[in-house]
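>>> Just to be clear, the model below is a prediction. Sequence and coordinates:
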2 protein chains.
Amino acid sequence: MTRFGGIEAGGTKFVCGVGTGPADLEKIVFPTTTPTETAARAIEFFRNKGIEQLGIASFGPVDLNPSSPTFGYITSTPKAGWRNFDIVGTMKRALDVDAAFDTDVNGSALAEAQWGAARGLTDALYLTVGTGIGGGAIVGGKLVHGLRHPEMGHIRIPHDRDTDPFAGCCPFHEDCLEGLASGKAMEVRWGCIAENLDAGHRGWDLEARYLALGLMNWVCTLSPQRMIIGGGVVKNPRLLPMVRQQLEELLNGYVPAPDVVEPGLGDNAGVLGAIALAMDSVESPSRPLQIVAETP
Amino acid sequence: MTRFGGIEAGGTKFVCGVGTGPADLEKIVFPTTTPTETAARAIEFFRNKGIEQLGIASFGPVDLNPSSPTFGYITSTPKAGWRNFDIVGTMKRALDVDAAFDTDVNGSALAEAQWGAARGLTDALYLTVGTGIGGGAIVGGKLVHGLRHPEMGHIRIPHDRDTDPFAGCCPFHEDCLEGLASGKAMEVRWGCIAENLDAGHRGWDLEARYLALGLMNWVCTLSPQRMIIGGGVVKNPRLLPMVRQQLEELLNGYVPAPDVVEPGLGDNAGVLGAIALAMDSVESPSRPLQIVAETP
């Protein structure tokens, strides 16, 4: 049996794992520092594990077009030091294996569809609300890629400056969803990280409102059967019930609100997503959608 | 050869046609009045045309789930008299033919992908800005359906009440995109229909801004290779160039802006979409995505 490895390359932490699903996952977690240092720790973990196929699910934006000279690179990220880092090339050369590549959230969406909360569904959204906000979607049973890849955290939503005078913290769009509702936005706005914000603080009502506005836009655009929200910010147990209620109010009966649930795979969605990408690439090695994507 | 008929059931006008594509289309256009009267005119057109398969591309929301007791109905529309009208059943019984059914904008997206501005693309958005706003999307070569169907006009976007104190005119969501930027919104806000608004009126700058905000959200969610905008409101030739510029400014280099173009099929996208649905249903009579959609 092929040995699969997966890397969840996140902006805050890297998770590396080997296995074939939730049952036999062996993993290691370490903080994301410089590209060189972080890649070296990943290489050290996989060395001597005998993996034959690697999957990398990375924070982005990333270049997913196999015919591009910068395929496998992290591209225009605001994250210091990581812009134009050849993550796929670095790992392939060091470990002498093939590597499948996608966004971290596409990986998680795939893993949730395979083993988690979106099992058996054809249309689902996976959203993570951590330092940043990212989303991956399964439409008609397949991951959405398109011209490049979704960057769902950067959608624009109503921002009532009377209620929330915070200008937003996205370096590209200021008060896009990520700029208003990411963990970083909460930290900058309230002066403490989301995990330490009192569970009854009014910041959570605002957070629920912003996330519901984002979800409303995805309901209207993708009509998912279920929406899964993971990430550090949603660990407050009050948050998801408030998000569901706000979403119902926003939709106002025009279309039904789909379920909004936590990831079935917990914190392992990301690394299992990377493994799912590796497994998927062995089953269907050509990725025709990607190949034609840049040649309209 | 099978004779195909198509109905573009719009909130303002019905377009009925027979043919197999843009080259041999024969069509008739008439205003949408009551369901009974409007259906009777459509039936009269098709009578004696010998059609063997019908496609209906309808304004919505509609029930697309073949296992639902209200399959083929227009459902929670705010349009007077049309709520819970069995459009598919009415036409099938009168003409004794099978009928494929989808949203008007899904039909148009399919027609544009088959014969128009999205030909050869795997990922494209079709938006119409008329009395209302609606969108259909092709993702990975297939129409997006999901749990129900997209209702893209109802996404929420930033609304700066200092610049635009108009409250919005959507009866469900007030200042959603449709509530702010549809032809009806322009008419209510400025006191004259969009077609009669001076091409240099500041209302067009506002319109371009709102449409660009909507497009930004779809770029971030679907990553389309191209976006097509049709409908009465975009007939002002100043509008699309302004939309493109605003979209570039909003994206701010984070991801590239895809082309924003007019429909390749002009005003025939809708009725050709209905015919494309009819043709498609003969080629692939089962619609597995729809059948599983309601049974997660």
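On my side now, so go ahead.
>>> what helix or strand is the closest residue in space to A:Phe166 that isn't next to it in sequence on?
For A:Phe166, ignoring the flanking residues on the chain, the nearest one in space by CB to CB, 6 or more residues apart in numbering or on different chains is A:Arg189 at 4.4 Å. For every residue, glycine as well, the C-beta is placed using N, CA and C. Assessed by DSSP states H and E, A:Arg189 sits inside helix A:183-190.
>>> thought A:Trp82 was touching A:Glu37?
No: assessed by CB atoms under 8 Å, A:Trp82 is found out of contact with A:Glu37, at 11.9 Å.
>>> isn't A:Val144 right up against B:Ser223?
Yes: with contact defined as CB under 8 Å, A:Val144 counts as touching B:Ser223 (6.9 Å).
>>> which residues in chain A form helices?
A:35-46, A:87-95, A:104-115, A:177-181, A:183-190, A:203-222, A:239-251, A:269-283, A:288-293 (DSSP state H).
>>> With mean pLDDT and mean neighbour count added, can I get the ones you listed in CSV?
Converted to CSV, those look like this (pLDDT from 0 to 100; neighbours: other CB atoms under 10 Å in any protein chain shown):
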stretch, mean pLDDT, mean neighbour count
helix A:35-46, 97, 17
helix A:87-95, 97, 18
helix A:104-115, 97, 29
helix A:177-181, 98, 28
helix A:183-190, 98, 21
helix A:203-222, 98, 25
helix A:239-251, 98, 18
helix A:269-283, 94, 26
helix A:288-293, 30, 17
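>>> Show me how chain A divides into domains.
As assigned by automatic domain parsing, chain A contains the domains A:4-104+A:266-293, A:117-261.
>>> wait, what's in contact with the nearest residue to A:Gln53 once chain neighbours are set aside?
Nearest residue to A:Gln53 in three dimensions, chain neighbours excluded: A:Ala278, at 4.6 Å (CB to CB, 6+ apart). With contact set as CB atoms under 8 Å, 6 or more residues apart in numbering or on different chains, A:Ala278 has these partners: A:4-6, A:53-55, A:99-100.
>>> can you pick the most crowded of those?
For the contacts of A:Ala278, the largest number of neighbours (other CB atoms under 10 Å in any protein chain shown) sits with A:Gly6, at 32 neighbours.
>>> From A:Glu8, how far off is A:Cys89?
In this structure residue A:89 is Gly, not Cys. Going from A:Gly89 to A:Glu8 by CB to CB, to the nearest Å gives 18 Å.
>>> Give me the pLDDT value at A:Gly11.
A:Gly11 is assigned a pLDDT of 88 by the prediction.
>>> got the contact list for it?
A:Gly11 touches A:32, A:59, A:77, A:79, A:130-132, counting by CB under 8 Å, 6+ apart.
>>> Put together TSV for the residues you listed, with neighbour count, distance to chain B and pLDDT on each row.
TSV is the format used below for the contacts of A:Gly11 (neighbours: other CB atoms under 10 Å in any protein chain shown; distance: CB to the nearest CB, whole Å; pLDDT from 0 to 100):
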residue	neighbour count	distance to chain B	pLDDT
A:Thr32	19	20	96
A:Phe59	23	14	91
A:Thr77	19	10	83
A:Lys79	16	13	84
A:Gly130	21	18	92
A:Thr131	23	17	89
A:Gly132	25	12	92
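>>> Take these and keep only those in strands.
If you go by DSSP state E, the contacts of A:Gly11 have nothing in strands.
>>> For the residues you listed, which two are the farthest from each other?
Pairwise distances across the contacts of A:Gly11 (CB to CB) peak at 14.7 Å, for the pair A:Thr77 and A:Gly130.
>>> What distance do you get for the residue nearest to A:Ile193 when sequence neighbours are not counted to chain B?
Excluding the flanking residues, the one nearest A:Ile193 by CB to CB, 6+ apart is A:Glu187, at 5.0 Å. Here A:Glu187 is placed at a distance of 21 Å from chain B (CB to the nearest CB, to the nearest Å).
>>> want to throw the helices of chain A into TSV with distance to B:Leu247?
Formatted as TSV, the helices of chain A follow (distance: least, CB to CB, whole Å):
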stretch	distance to B:Leu247
helix A:35-46	32
helix A:87-95	29
helix A:104-115	23
helix A:177-181	17
helix A:183-190	24
helix A:203-222	16
helix A:239-251	25
helix A:269-283	31
helix A:288-293	19
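>>> Nearest to B:Lys13, out of those?
Evaluated with CB to CB, these place helix A:203-222 nearest to B:Lys13, the distance being 24.4 Å.
>>> Give me the helices and strands touching that closest one, please.
strand A:124-129, strand A:133-139, helix A:177-181, helix A:183-190, strand A:226-230, helix A:239-251, helix B:202-222 (3 or more CB pairs under 8 Å, 6 or more residues apart in numbering or on different chains; DSSP states H and E).
>>> Surely A:Gly132 is in contact with A:Ala185?
No: using CB under 8 Å, A:Gly132 is not in contact with A:Ala185; the gap is 9.4 Å.
>>> re the thing from before, need the contact list for the residue nearest to A:Phe166.
A:164, A:166, A:203.
>>> A:Leu265 now?
A:Leu265 makes contacts with A:22, A:108, A:111-112, A:115-117, A:272, as judged by CB under 8 Å, 6+ apart.
>>> Looking at those, which is nearest B:Asp63?
A:Ala117 (26.3 Å).
>>> Help me confirm that the closest one comes into contact with A:Pro258.
No: contact status for A:Ala117 versus A:Pro258: not in contact, 11.8 Å apart, counting by CB under 8 Å.
>>> Tell me which of the two has more neighbours.
Legend: neighbour count by other CB under 10 Å for A:Ala117 and A:Pro258, higher for A:Pro258 (24 against 21).
>>> I figured the more buried one hits A:Cys220, correct?
No: here A:Pro258 lies out of contact with A:Cys220, judged by CB under 8 Å, at a distance of 11.6 Å.
>>> What about whichever residue of the stretch 1-150 of chain A sits closest to chain B, how many residues nearby?
Per CB to the nearest CB, A:Gly146 is where the stretch 1-150 of chain A lies closest to chain B, at 3.1 Å. By the criterion of other CB under 10 Å, A:Gly146 has 26 neighbours.
>>> What of A:Arg202?
For A:Arg202, the neighbour count with other CB under 10 Å is 11.
>>> can you pull the pLDDT of it?
A:Arg202 is given a pLDDT of 95.
>>> distance of the most centrally placed residue in chain A from A:Gly230?
Against the mean C-alpha coordinate of chain A, by CA atoms, centre = their mean, the closest residue is A:Val105 at 2.5 Å. As judged by CB to CB, A:Val105 and A:Gly230 stand 9 Å apart.
>>> Quickly list what's touching both of the two.
Residues touching both A:Val105 and A:Gly230 (CB under 8 Å, 6+ apart): A:126-128.
>>> Residues of the stretch 151-296 of chain A that sit close to chain B?
A:151-159, A:172-173, A:175, A:213, A:216-218, A:220-226, A:250, A:252-256, A:258-259, A:289, A:292-293, A:296 (CB under 8 Å from any CB of the partner chain).
>>> give me every residue that touches A:Lys225.
Small correction: residue A:225 is Gln, not Lys. So A:Gln225 contacts A:118, A:121-124, A:258-259, B:146-147, B:293, B:296 (CB under 8 Å, 6+ apart).
>>> nearest residue to the residue in the stretch 151-296 of chain A that chain B sits nearest to other than its sequence neighbours?
Of all residues in the stretch 151-296 of chain A, the one sitting closest to chain B is A:Ser223 (3.0 Å; CB to the nearest CB). Residue nearest to A:Ser223 in three dimensions, not counting chain neighbours: B:Gly146, with 3.0 Å by CB to CB, 6+ apart.
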